[in-house]
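Build me a model:
(chains A and B)
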Amino acid sequence: MIRVSGLQKSFGEVKAVNGVSFDAPDGRITGLLGPNGAGKSTTLRILYTVMKPDQGSAHIDGVDVVAQTLEARRRIGSLPHGSGLYPHLTARENIEYYGKLYGIPPADLERKVDTVVRQLDIGGFADRRTKGFSHGQRTKVALARALVHEPQNVILDEPSSGLDVMATRSLRELIRQLKAAGKCVLFSSHVMQEVAALCDEIVIIAAGQVAMHASPEGILDATGCDDLEDAFVQAISRVGR
Amino acid sequence: MLSTLHTVFRKEVLDNFRDRRTLLSALLLGPLFGPVIFAFAINLSLKQSLSDASEALELPVLGSEHAPNLIGYLRSHNINVARAPATRDAARTAVETGAHDVVVVIPESFGRDLAEGIPATVEVITDQANRAAERESRRALLAFNAYNQELAAMRLSARGVSPLVVRPLNIDVIDVSTPSGRSAILLGMLSYFFIFALLTGGMNLAIDTTAGERERGSLEPLLCLPVTREALIYGKILAACLFMAASLLISLASFYVTLKFVPLEKLGMTPNFGPAVVFTAFLLLLPFTLLGAALMTLVASFTKSYKEAQTWVSIVLIAPTLPILVVSILMVRPSAELMLIPSLSQHLLLVGLIRNEPLNGLHVVVSVVATLAAGAVLAWACARLYRREGLLG
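Prediction:
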């Protein structure tokens, strides 16, 4: 369960996030949708605690991300944009390294790593060094690494960017599995179709503000459009620039 | 904190042991290159200075037929007369162009002047700015002066005056340098090679901590983990220290081996560089690893890319030379105050060690504590910087 209220963050003169509030409940897939530069990544960066908000607050399962940073981090599995791996380590070693840093006891580590290796179907290349992996393979390993500690909340920043059709399909399948397991999934995208195909809730962000927050059907109703893409454009244009 | 630090440390060591670039520069080129080149250079310069003392000097003399006695005297002093240019002007040109280092010109009037008791002229043409010529011209001048005094003494004796009358002073230069002390001048320069090797050993790791992780895209996910930034950065700095220590040890060992092929004993120098000295030098230099690792990590954290970091960190490689250079010029003696300056204190202790002087306990303690303290402060500064949001770039 992720709760965001009144988040603000500026970089110099630029207000990247200007009062964003929304809830992402457990057992639901919430999509953060917005054009480039709308403030999606900054919002997510505040949620997975690599940035602090200027104002407002964010809670992960009721844990404040600023006041109890380490506790909040434990409850999140995150895939920052363009996540890189260590090329001289094997896929399994990359996952194990994160598992150890998440504080998984040594006795459980192997079992947990095996679980995510199976879950993400990376057994075929798990024991190869990640140097020279395809983008799809790298994304899978990075996801496995983020999920090895079985977090309740999963935050993915543009996870499908650059993936081919097959990799995108298996990513969607994984996100649905996480939802079925009762996890809270929050991911960002600028592709309307992708969000529509997956999400239970859509939060449309433009110019650092929430333009609309509803189910895909709710967004169509509210904008009076038949097509989600038109609705998206409509919703964004409502935020005065 | 400790288990995180341990995890990070082990991962960094494994990661870098598999990186050929790190291995090559840290454990091969850095530590081996310096001592090997240095030993080679010493060998060359030793050969040159050895040849000066024992080999005959070939001295071109124009007009040697005018002074057969003088030439005989030179021969008895291991100076052979060689063919000279045909004229005085040609001799000048030959020295100017560097064809000859020194040319001696004996005028036709030499024998007559000598017989009549008029000061007879001998011209020594040389280029004072040419350092290579300095030694030869000095040898020639010394021989002429000696001949001059010998003639003077003979003339005085012939007139019944003791030659001692014109020697009111007896100047003796007593060289107190011990054989080990003399080699220290050469070997003292080595301390920089060791510090250089040490720093090269951890360079890639220090850069990787910030610029490298960022460029690979692995920094942001790393910072999302439920561990403190301190644990991450200290683990990384410690891993860099390990590589630096390994690099230092290899460098010391390789020098220990190469020194066996340098004929220092021919110059009456006995290099005090046995296994015990190698081990002590390793321990004395070890505290510098923390300072070096933290300093390079700090410098790298301000840069935008791996390439840029390499440029700036290379400058750090030069920084430790500065205090050593200043002290070599000023020729200061070790003191407790100087031991407060990292790199300089290691240099001075190492020079003392090679000179076979007993280690000053206070100096060692001040050096170790001051260097470790400076390293700790820089490591702390690294951790502070690692907390900045701007780190993500």
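
all contacts plus neighbour counts: C-alpha atoms, from now on.
Noted.

Please name the nearest non-neighbouring residue to B:Leu114.
Excluding the flanking residues, the one nearest B:Leu114 by Cα to Cα, 6 or more residues apart in numbering or on different chains is B:Ala120, at 5.6 Å.

Would you list the phi and psi of the one you found?
phi -90, psi 130 (degrees, to the nearest 10).

Verify the stated contact: it with B:Ile106.
No: the criterion here is Cα atoms under 8 Å, and B:Ala120 misses it with B:Ile106 at 9.1 Å.

Can you name the residues of the stretch 151-300 of chain B sitting close to chain A?
Contact residues (Cα under 8 Å from any Cα of the partner chain) of the stretch 151-300 of chain B with chain A: B:216-221, B:223-228.

how many other residues sit next to the residue nearest to B:Leu114?
16 (other Cα atoms under 10 Å in any protein chain shown).

Tell me the confidence at it?
Looking at B:Ala120, its pLDDT is 88.

Which of the residues of the stretch 151-300 of chain B next to chain A are buried? Put it as a ChimeraX command.
Buried members of these, identified by 16 or more other Cα atoms under 10 Å in any protein chain shown, are gathered into one ChimeraX selection as follows:
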select /B:216,217,218,219,220,221,223,224,225,226,227,228
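
now the residues of the stretch 151-300 of chain B next to chain A as CSV including secondary structure?
Shown next, in CSV, are these (DSSP: H, G, I helix; E, B strand; the rest coil):
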residue, secondary structure
B:Arg216, helix
B:Gly217, coil
B:Ser218, coil
B:Leu219, helix
B:Glu220, helix
B:Pro221, helix
B:Leu223, helix
B:Cys224, coil
B:Leu225, coil
B:Pro226, coil
B:Val227, coil
B:Thr228, coil
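
what helix or strand is B:His347 on?
In this assignment (DSSP states H and E), B:His347 forms part of helix B:344-354.

With A:Gly19 instead?
Under the criterion of DSSP H and E, A:Gly19 resides in strand A:14-24.

could you point out which element follows that strand?
strand A:29-33.

so that following strand versus strand A:14-24, what angle?
For strand A:29-33 against strand A:14-24, the angle by axes from the mean of the first three to the mean of the last three Cα atoms, to 10 degrees is 160 degrees.

Send me strand A:29-33 as PDB with only the CA atoms.
The C-alpha coordinates for strand A:29-33 follow below in PDB (Å, rounded to 0.1, in the frame of the first residue of the first chain):
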ATOM      1  CA  ILE A  29      -2.000  -2.400 -10.400                       C
ATOM      2  CA  THR A  30      -1.600   1.400 -10.500                       C
ATOM      3  CA  GLY A  31      -0.200   3.000 -13.600                       C
ATOM      4  CA  LEU A  32       1.500   6.400 -13.500                       C
ATOM      5  CA  LEU A  33       0.900   7.900 -16.900                       C
END
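
Could you list the low-pLDDT ranges of the stretch 201-350 of chain B?
In the prediction, the stretch 201-350 of chain B carries residues with pLDDT under 70 at positions B:263-271, B:328, B:331.

Now chain A against chain B: closest residue?
Going by Cα to the nearest Cα, chain B is nearest to A:Gly84 of chain A, at 4.2 Å.

Next one: the closest residue to A:Met192 other than its chain neighbours from A:Leu156, what distance?
Spatial nearest neighbour of A:Met192, chain neighbours left out: A:Glu229 (6.3 Å); criterion: Cα to Cα, 6+ apart. A:Glu229 sits 22 Å away from A:Leu156 when distances are taken as Cα to Cα, to the nearest Å.

try B:Met189
56 Å.

So between these two, which is more surrounded?
A:Leu156 (24 against 17).

looking only at pLDDT, what's the mean for stretch A:214-229?
Stretch A:214-229 carries an average pLDDT of 86.

what about B:Glu134, which SS state?
Judged by three-state DSSP, the three-state class of B:Glu134 is helix.

Pretty sure A:Val203 sits against A:Met212.
Yes: at 5.9 Å, A:Val203 counts as touching A:Met212 under the criterion of Cα under 8 Å.

show me where chain A has helices.
Along chain A, counting by DSSP state H, helices occupy A:40-47, A:69-74, A:91-101, A:106-119, A:135-147, A:165-180, A:192-198, A:216-223, A:228-238.
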